[in-house]
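Engineer: Need coordinates for the below:
(one chain, ligands or ions: 2)
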Amino acid sequence: MAKILLAGGAGYIGSHTAVELLHAGYEVAVIDNFMNSSPEAIRRVEQITGKHVALYEADVRDREAVAAVFRAEKIDAVIHFAGLKAVGESVKKPLMYYRNNIDTTLTLLEVMEEFGVKNVIFSSSATVYGEENAVPYIETMKRGVCSNPYGWTKAMMEQIFEDAAKADPALSVILLRYFNPIGAHESGMIGEDPLGIPNNLMPYVTQVAVGKRECLTIFGNDYPTKDGTCMRDYIHVVDLAKGHVKAVDYIMHQHCVEVFNLGTGTPYSVTEIVETFERVNQVKVNHVYGARRDGDLAEFYANADKAERLLGWHTEKTLDDMCRDSWNWQRQNPNGFQAAE
Ligand code: NAD
Ligand code: UD1
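Structural biologist: Numbers count the residues shown, from 1 in each chain. Ligands and ions are numbered 1, 2, ... in the order given. Take a look at the predicted model:
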């Protein structure tokens, strides 16, 4: 069976993807420097699946270290998750974001070229649609003007992959634009484990619910949406992980250069998330309404028809599942992977 290298595979989305790839019969190797993750996540992937993951601790910018992995493993395809992803931090430390995200991409592409590996799948984001495209976002739209350096790194990396594919007609590239991944594996053994104060909504909600933080601030209730709070296309991370398996199946069977949205197509408001979380889990989430957060858009969601049509992928999990599984993970691991390290 084909072997898939997950760069940044110990992280939130990478670890869930590792589980689904192993379930589907693929072999998995991971390179991660654990700058935002823990090797414990990979131990748990092995426990969940009963299968082995070849784990390498290395910086994906380190060309020699990455080449050593390609030498040791016969890699058929690469999924590139390795990157920094905190929007607010990217505004404060843009050079760190450009350096890490762009360099990991260039190094991977260079080493792939050296070893003749021709299949790569990239973790992009809905943020590349920018501010000017109308919802729902569809892949035929042009990339827009991003509101922060994190978003620009994604737009630039998409461009780099497209240019590399133009120069090498044998190179197959799939750009996956994720919407808002939340939830966790249903076992509660792996999940999102942010360092410090969470930037994203769901980890903040679960940390308030578990008593680690006092109160969630809902950023703005004066948006032109049904209840005044922002609307997003939340997607269960296991559905997202299965989208990667479908993308791997696809890229292993034909040459392609394709972009896919991975979202549900249905947006929910921040208030709906909080209310659903409280109802499904029978737990209170203290919250107040505060000022808008800079750079937030009122609403965005996917047209995910292309992934259904070409990959045969669609989401299966509901918002109730997302809220239940996020809480199950947080409750079982109030300090994330830390306690197990
Ligand atoms: P994550 O931080 O949990 O995972 C990223 C992993 O990459 C971490 O394990 C980190 O240690 C590793 N990493 C970072 N730089 C590295 C380097 N130079 N060398 C080796 N390892 C390195 O994030 P995630 O949520 O799993 O996201 C995965 C990818 O998907 C990222 O590229 C992210 O930008 C993208 N994405 C995430 C979201 C989201 O909401 N989570 C949305 C859209 C896109
Ligand atoms: C952001 C980024 C996106 C990135 C994603 C995951 C932009 C425009 N969006 O998405 O690129 O892929 O993070 O890293 O850059 N909220 C609160 N209180 C909180 C936290 C969030 O009300 O404490 C609200 C936000 O205003 C937003 C919604 O919850 O309306 C979701 O926020 P978040 O999880 O941060 O994701 P996005 O901002 O949609």
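Engineer: Show me which residues of the stretch 51-200 of the chain are close to ligand 1?
Structural biologist: Taking C-beta under 6 Å from any ligand atom as the measure of proximity, the stretch 51-200 of the chain contacts ligand 1 at 59-61, 81-83, 85, 100, 104, 123, 125, 178, 181. Any C-beta I mention is one placed from the backbone N, CA and C, and that applies to glycine too.
Engineer: quick one: which of those residues is most hemmed in?
Structural biologist: Ala82 (29 neighbours; other C-beta atoms under 10 Å).
Engineer: Figure out the helix or strand that that one lives in.
Structural biologist: Mapping Ala82 onto the secondary structure by DSSP states H and E places it in no helix or strand at all.
Engineer: wait, isn't it in contact with Gly8?
Structural biologist: Yes. Here Ala82 reaches Gly8: they are 3.1 Å apart, a contact under C-beta atoms under 8 Å.
Engineer: any shared contact partners between the two?
Structural biologist: When contacts are counted by C-beta atoms under 8 Å, 6 or more residues apart in numbering, the set common to Ala82 and Gly8 consists of Ile31, Asp32, Val60, Thr104.
Engineer: what is the second one paired to in the beta sheet?
Structural biologist: On the basis of DSSP bridges, Asp32 takes part in beta bridges with Glu57.
Engineer: Need the pLDDT of it.
Structural biologist: Reading off the confidence values, Asp32 has pLDDT 98.
Engineer: Low-confidence bits of this structure, can you list those?
Structural biologist: Applying pLDDT under 70 to the chain flags residues 339-341.
Engineer: longest helix of it?
Structural biologist: helix 94-115 (DSSP state H).
Engineer: and the next element down the chain from that one?
Structural biologist: Scanning the chain past helix 94-115 towards its C-terminal end, the next helix or strand to appear is strand 119-125 (assignment: DSSP H and E).
Engineer: Who are the packing partners of that next one?
Structural biologist: Of the remaining helices and strands, those touching strand 119-125 by 3 or more C-beta pairs under 8 Å, 6 or more residues apart in numbering; DSSP states H and E are strand 77-80, helix 94-115, helix 149-167, strand 172-178, helix 237-253.
Engineer: Surely Gln332 touches Gly188?
Structural biologist: Yes. Taking contact to mean C-beta under 8 Å, the distance of 4.3 Å between Gln332 and Gly188 places them in contact.
Engineer: quick one: which of those two has more around it?
Structural biologist: Comparing Gln332 with Gly188 by other C-beta under 10 Å, the one with more neighbours is Gly188, at 18 against 12.
Engineer: for that one, what are its contacts?
Structural biologist: Residues touching Gly188, when contacts are defined by C-beta under 8 Å, 6+ apart, comprise Asp325, Asn328, Trp329, Arg331, Gln332, Asn333.
Engineer: Tell me the spacing between the third one and ligand 2.
Structural biologist: If I follow you right, that is Trp329. Between Trp329 and ligand 2 the distance is 16 Å, computed by C-beta to the nearest ligand atom, to the nearest Å.
Engineer: what secondary structure does that residue sit in?
Structural biologist: helix (DSSP: H, G, I helix; E, B strand; the rest coil).
Engineer: what's the answer for the first one, then?
Structural biologist: When states are read from three-state DSSP, the local structure at Asp325 comes out as helix.
Engineer: Before I go, just wanted to say thanks for your time.
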